[in-house]
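1. Quick one, structure for this:
(one chain, ligands or ions: 1)
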Amino acid sequence: MLNERIEQGVALLTMDNPPVNGLSLALRQALWEAIERLEQDGSVRAIVIQGSERAFSGGADIREFGQPSALAEPNLPQLTQRIEACTKPVVAAVGQLALGGGLELALACHHRVVADSASLGLPEVAIGLLPGAGGTQRLPRAVGLATALQMITSGTPMKAAKLAALPGQALIARCVPAAELVEQALEFARGTMDCPKLSERSVAPDDALLNAARAKAAALAYPAPLACVEAVAASTDRPFAEGLKAERAGFERLMATPEGRALRHAFFAERAAGKVPGVAADTATRAIRRVAVIGAGTMGSGIATACLMAGLSVDLIEPQPEQLERGLKAIDKHLGAQVDKGRLSEDKAAKLRSQLRASLEDAALAEADLVIEAVYEDLALKQRIFQRMDALCRPGCILASNTSTLDLNAIASATARPQEVVGLHFFSPAAVMKLLEVVRGSATSPEVLASSLAFGKRIGKVCVVAGVCDGFIGNRMIERYFEQALFLLDEGASPQQVDAAIEAWGFAMGPFRMIDMAGNDVSWRIRQERAKAGTLRRAQPLADALCEAGRYGQKSGAGWYDYPGGTRLGVPSGKVEALIASHRSRLGRVVRVVDDQEICDRLLLALGLEGERLLAEGIALRASDIDLVYLHGYGFPRWKGGPMFELMQRDPAERAALQARFAATPHEPGGFW
Ligand code: NAI
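-> Okay, here's the model as predicted:
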């Protein structure tokens, strides 16, 4: 947990709690005990605390989260106070990472020698908290109010080299090359007798700055950012000990907020999603360097872009010259936009672009480590393509389909190697959306699944494993959600009322704005296919009428809203109002007043209920995976945790009563509720 070595009067303490030196009770105890003992040890003049190659410390040990040991004494606030009170100089040797409690530990030391490449940050706000071990009080004293506010309210870490360059900063005594960190820290410790305390410094107050930060934070829907600002403000106008009390009070308040609980749920959901039953954690993953993408349409070009951005070599294969041209343009446009936004240098963009080869032929399949098929949604076509892959790809190549509705097992059966076939369901725009549903076919091997998850991570996606069914997790649930949205129109609501209600609840975009963006024609075609196949669950004459009127959405300048002059923000449409009116009169429906609460309850419960069915069928592995799908693919507000977390917060009796009421609504097609 803590290794110790004494060299020329300096004790070197090395934290050893893999993977990132989480400050568990055992590590806190070991540090406390070492400081107590070394302070009394006449052969020791100074103490250096260092971490591992990977991290000084990543902060609280997340394995302790919610456990009694997280708060057991010595807790982190006590440990930081004890270190600062040590009568011998304590030097933090900070390499790689000092985040959250890790940075607070370093701030409590008397001096900090930091590797120039290290990242320092207080990310607690991202899990709905504020730094609770003196960070809100010591950081402003070390780097000034403006930088501390920025770091604490955004949660974004900063590079040590940048922090060291701040005028008048007291955070970093020496900023050194990473390779020299320990040597320089030891040398620094040998050369000092001083024990300066950040708590004894003062912070220049700046009301204008604080008020601007308050206004910005108050506009957000969850309380942590504003609480962060108030805690930092306390560093400017009262003694340190009083500031610590304000910080503690803020921390305890935030611990109890529903938004904070939801954000922490999301944090743990992301960590749980990588664990897949039947796939051992040490399953060997295959090296993926060259990816072939088949089809250069909307999705194919987006997927190719996502792979290029991650530094992979890509072959884009598309038989239609104009389509290929269009796909390449889309890729260039995305890379160009990254350069314009300053996220990518021109050189880097050119280098990434040079890793792309485009072809009208499919010979390059022979070189691929992974092939992702993104051609039209047509089973026979996809099966032909998979037969081609089977003939051309080398053994060990992973064969993936981006299908959103077809039976992956039927696609896999077109090959002689169904164990190599997996679904990689990207979301549009594929280079931007974080979600990737990794679809496990009945024959997909654990190795292929593990490799697909590693690939998804490599290209920056949040991966969720789903079983085979129509729509997988996200789209199967969203269909139930749209059904309810359309039912609400039948009943008397307008598209803008439905959207406004659920957006006020927290969704980034209501259902009608969302489908206008994605294209109403996509689900229209799917309904037509299903009607032909006799598998249509629920006819949608109003949505059909919208498409029959050519109102596909943003792309056609009109959908549930009008988009005059190509604006992205729709305006309510008189034509849609008329369509709805004639639809209602055809149904012979007497409209009623629908309230916003009913809108939110119907939409959210529809998601939750279908989610429960996906769990029961084994399509989703865990409720938190479903939440991730919605947080990263559908604009569900993170501070509400996700549809399944939301469902869990409901009182079971109230929920049952709501479902019974919805089931009994006249005209509500039976069954679902
Ligand atoms: P798209 O129509 O934009 O592109 C399909 C492309 O495949 C066209 O460029 C076409 O020329 C090409 N293609 C057709 N036959 C081919 C062949 N034999 N070899 C190579 N290329 C061929 O379609 P989109 O929207 O990109 O969809 C592609 C797949 O992705 C579909 O399976 C769809 O269900 C799925 N998907 C679509 C999403 C979306 O939002 N559009 C989201 C997630 C999945």
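2. Contact residues of the protein facing the ligand?
-> Contact residues of the chain with respect to the ligand, defined by C-beta under 6 Å from any ligand atom, are listed as 294-300, 317-320, 323, 374-377, 381, 385, 402-404, 425-428. No exception for glycine: its C-beta is placed from N, CA and C like everyone else's.
3. Now name the helix or strand holding residue 607.
-> Assigned by DSSP states H and E, residue 607 falls within helix 596-616.
4. Would you indicate which residues of that helix are buried?
-> Burial within helix 596-616, assessed by neighbour count using 16 or more other C-beta atoms under 10 Å, is assigned to 598-612, 614-615.
5. you'd agree residue 561 is up against residue 513?
-> Yes. In this structure, residue 561 sits in contact with residue 513. The criterion is C-beta atoms under 8 Å, and the distance is 7.1 Å.
6. Quickly list what's touching both of those two.
-> Shared between the contact lists of residue 561 and residue 513 (criterion: C-beta atoms under 8 Å, 6 or more residues apart in numbering) are residues residue 570.
7. Which residue of these two possesses the greater neighbour count?
-> More crowded of residue 561 and residue 513, by other C-beta atoms under 10 Å: residue 513, with 27 against 22.
8. isn't the more buried one right up against residue 570?
-> Yes. A contact is recorded between residue 513 and residue 570 when judged using C-beta under 8 Å, the distance being 6.4 Å.
9. so what sits against both of those two?
-> Counting by C-beta under 8 Å, 6+ apart, the common neighbours of residue 513 and residue 570 are 560-561.
10. which outside residues touch the helix or strand just after the helix holding residue 607?
-> Reading on from helix 596-616 to the C-terminus, the next helix or strand found by DSSP H and E is helix 623-633. Contact partners of helix 623-633, identified using C-beta under 8 Å, 6+ apart, comprise 265-266, 268-270, 272-273, 427, 433-435, 437, 462, 464-465, 473-474, 477, 607, 611, 614-615, 620, 636, 638, 641-645, 648.
11. try stretch 181-201
-> Counting by C-beta under 8 Å, 6+ apart, stretch 181-201 makes contact with 7-10, 12, 45-48, 50, 84, 86-95, 107-108, 110-111, 113-115, 134, 137-138, 141-142, 170, 173-174, 176, 240, all of which sit outside it.
12. Please save the CA atoms from that stretch in CSV.
-> Output of stretch 181-201 as CSV, limited to C-alpha atoms (Å, rounded to 0.1, in the frame of the first residue of the first chain):
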residue,chain,number,x,y,z
LEU,A,181,10.6,13.7,-11.2
VAL,A,182,11.8,11.6,-8.2
GLU,A,183,15.4,12.8,-8.3
GLN,A,184,14.3,16.4,-8.5
ALA,A,185,11.8,16.0,-5.7
LEU,A,186,14.4,14.4,-3.4
GLU,A,187,16.9,17.1,-4.2
PHE,A,188,14.3,19.8,-3.5
ALA,A,189,13.4,18.1,-0.2
ARG,A,190,17.1,18.0,0.8
GLY,A,191,17.4,21.7,0.1
THR,A,192,14.5,23.0,2.2
MET,A,193,13.6,23.5,5.8
ASP,A,194,10.4,25.4,5.0
CYS,A,195,6.9,24.2,5.7
PRO,A,196,4.7,26.8,3.9
LYS,A,197,1.0,26.2,4.1
LEU,A,198,-1.4,27.1,1.4
SER,A,199,-4.0,27.5,4.1
GLU,A,200,-2.1,30.6,5.4
ARG,A,201,-2.2,32.4,2.1
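13. Now do the buried residues in it.
-> Buried-residue list, stretch 181-201, by 16+ other C-beta under 10 Å: 181-182, 184-190, 192, 195, 198-199.
14. ok, back up a step: and the helix holding residue 607, what does it pack onto?
-> In this structure, helix 596-616 makes packing contacts with helix 474-491, helix 495-505, helix 623-633, helix 643-649, helix 652-664, judged by 3 or more C-beta pairs under 8 Å, 6 or more residues apart in numbering; DSSP states H and E.
15. Name the stretch among those helices that sits most buried.
-> Among the helices and strands packed on helix 596-616, judged by mean count of other C-beta atoms under 10 Å, the one packed with the most neighbours on average is helix 623-633 (a mean of 26).
16. Helix 474-491 and that one, what's the angle between them?
-> Using axes from the mean of the first three to the mean of the last three C-alpha atoms, to 10 degrees, one finds that helix 623-633 and helix 474-491 are set 70 degrees apart in direction.
17. so what does the helix-or-strand element of the chain with minimal mean pLDDT touch, helix or strand wise?
-> For the chain, scoring each helix and strand by mean pLDDT, DSSP states H and E identifies helix 520-533 as the least confident one, at a mean of 90. For helix 520-533, the elements it packs on are helix 541-548, judged by 3+ C-beta pairs under 8 Å, 6+ apart.
18. next structured bit after the helix it packs on?
-> Proceeding C-terminally, helix 541-548 gives way to strand 561-562 as the next helix or strand, assigned by DSSP H and E.
19. Identify the residues contacting the residue of the chain found nearest the ligand.
-> Among all residues of the chain, residue 297 sits closest to the ligand, at 1.8 Å; criterion: C-beta to the nearest ligand atom. Neighbour list for residue 297: 318, 323, 327, 374-376 [criterion: C-beta under 8 Å, 6+ apart].
20. for residue 430, same thing?
-> The contact partners of residue 430, taken as C-beta under 8 Å, 6+ apart, are 299, 302-303, 305-306.
21. Tell me the one of those residues nearest residue 80?
-> Within the set of the contacts of residue 430, residue 306 lies nearest residue 80; the separation is 41.9 Å, counting by C-beta to C-beta.
22. Which strand or helix spans the closest one?
-> Taking DSSP H and E as the definition, one finds residue 306 inside helix 298-309.
23. Just the mean pLDDT for the helix or strand following that helix, thanks.
-> On the C-terminal side of helix 298-309, the nearest following helix or strand under DSSP H and E is strand 313-317. Across strand 313-317, the average pLDDT comes to 98.
24. And for stretch 132-148?
-> The predicted model assigns stretch 132-148 a mean pLDDT of 98.
25. Over to stretch 240-257?
-> 96.
26. Give me the buried positions along it.
-> 240, 243-244, 246-248, 250-251, 254, 257.
27. Please save the CA atoms from that stretch in PDB.
-> Written as PDB, here are the backbone C-alpha positions of stretch 240-257 (Å, rounded to 0.1, in the frame of the first residue of the first chain):
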ATOM      1  CA  PHE A 240      -9.400  29.100   6.100                       C
ATOM      2  CA  ALA A 241     -11.100  27.100   8.800                       C
ATOM      3  CA  GLU A 242     -14.400  28.800   8.100                       C
ATOM      4  CA  GLY A 243     -14.000  28.100   4.400                       C
ATOM      5  CA  LEU A 244     -13.400  24.400   5.100                       C
ATOM      6  CA  LYS A 245     -16.700  24.400   7.000                       C
ATOM      7  CA  ALA A 246     -18.500  26.000   4.100                       C
ATOM      8  CA  GLU A 247     -17.000  23.400   1.800                       C
ATOM      9  CA  ARG A 248     -18.000  20.500   4.000                       C
ATOM     10  CA  ALA A 249     -21.600  21.800   4.300                       C
ATOM     11  CA  GLY A 250     -21.800  22.200   0.500                       C
ATOM     12  CA  PHE A 251     -20.400  18.700   0.000                       C
ATOM     13  CA  GLU A 252     -22.900  17.100   2.300                       C
ATOM     14  CA  ARG A 253     -25.800  19.000   0.700                       C
ATOM     15  CA  LEU A 254     -24.700  17.700  -2.700                       C
ATOM     16  CA  MET A 255     -24.300  14.100  -1.500                       C
ATOM     17  CA  ALA A 256     -28.000  14.100  -0.900                       C
ATOM     18  CA  THR A 257     -29.300  15.600  -4.200                       C
END
